[in-house]
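Trainee: dropping the sequence and predicted coords here.
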Amino acid sequence: MSPFFVMSLLFGLTFGQTASLCAPSEYTIHVEKRECAYCLAINTTICAGFCMTRDSNGKKLLLKSALSQNVCTYKEMLYQTALIPGCPHHTIPYYSYPVAVSCKCDKCNTDYSDCVRERVRTNYCTKPQKICN
């Protein structure tokens, strides 16, 4: 192997994870409750982007530590609460949602992420819309 190829390979393995494109991205969540008159469009940030992974086709030949299937996930997040307008007095009109402060490439945590597949698109309003920033 040429020295250039070996150095390129080592550089890619060493710094590939830091060069990934995993970062907070703007996203709009649509929230509505059956009892309330309006749908609330909330502008927030989520973690999205590309993370380096290794193909697991050779999993019988490799150590488990070499088989990393990383996803773009939350490093730091905070929760904010919004008030859904048009709710009757007997209904709790608040909705709490996550805001990504920073992101990282890591193993998928099923406590707060869907790790299997993309969900069917259900992020839309069926009622008149109000915007929350």
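Mentor: Structure received. Predicted, not measured: the structure shown is a model, and the values here were computed from it.
Trainee: confidence score at the residue found closest to S25 once you drop the neighbours it is linked to in the chain?
Mentor: In space, not counting the residues next to it along the chain, S25 is nearest to A48; the distance is 4.2 Å by C-beta to C-beta, 6 or more residues apart in numbering. (Each C-beta comes from the backbone N, C-alpha and C, glycine too.) Per-residue confidence (pLDDT) for A48: 90.
Trainee: sheet partners, orientation included, of the helix or strand where A48 lies?
Mentor: Of the helices and strands defined by DSSP states H and E, A48 is found in strand 39-50. Note on strand 39-50: by DSSP bridges, its sheet partners are strand 21-32 (antiparallel), strand 129-132 (parallel).
Trainee: among these, which is nearest C108?
Mentor: Proximity of those to C108 was assessed by C-beta to C-beta; the nearest stretch is strand 21-32, lying at 12.5 Å.
Trainee: just the buried residues of whatever helix or strand comes next after the strand holding A48, please?
Mentor: Proceeding C-terminally, strand 39-50 gives way to strand 71-83 as the next helix or strand, assigned by DSSP H and E. Across strand 71-83, burial judged by 16 or more other C-beta atoms under 10 Å covers 71-74, 77, 82.
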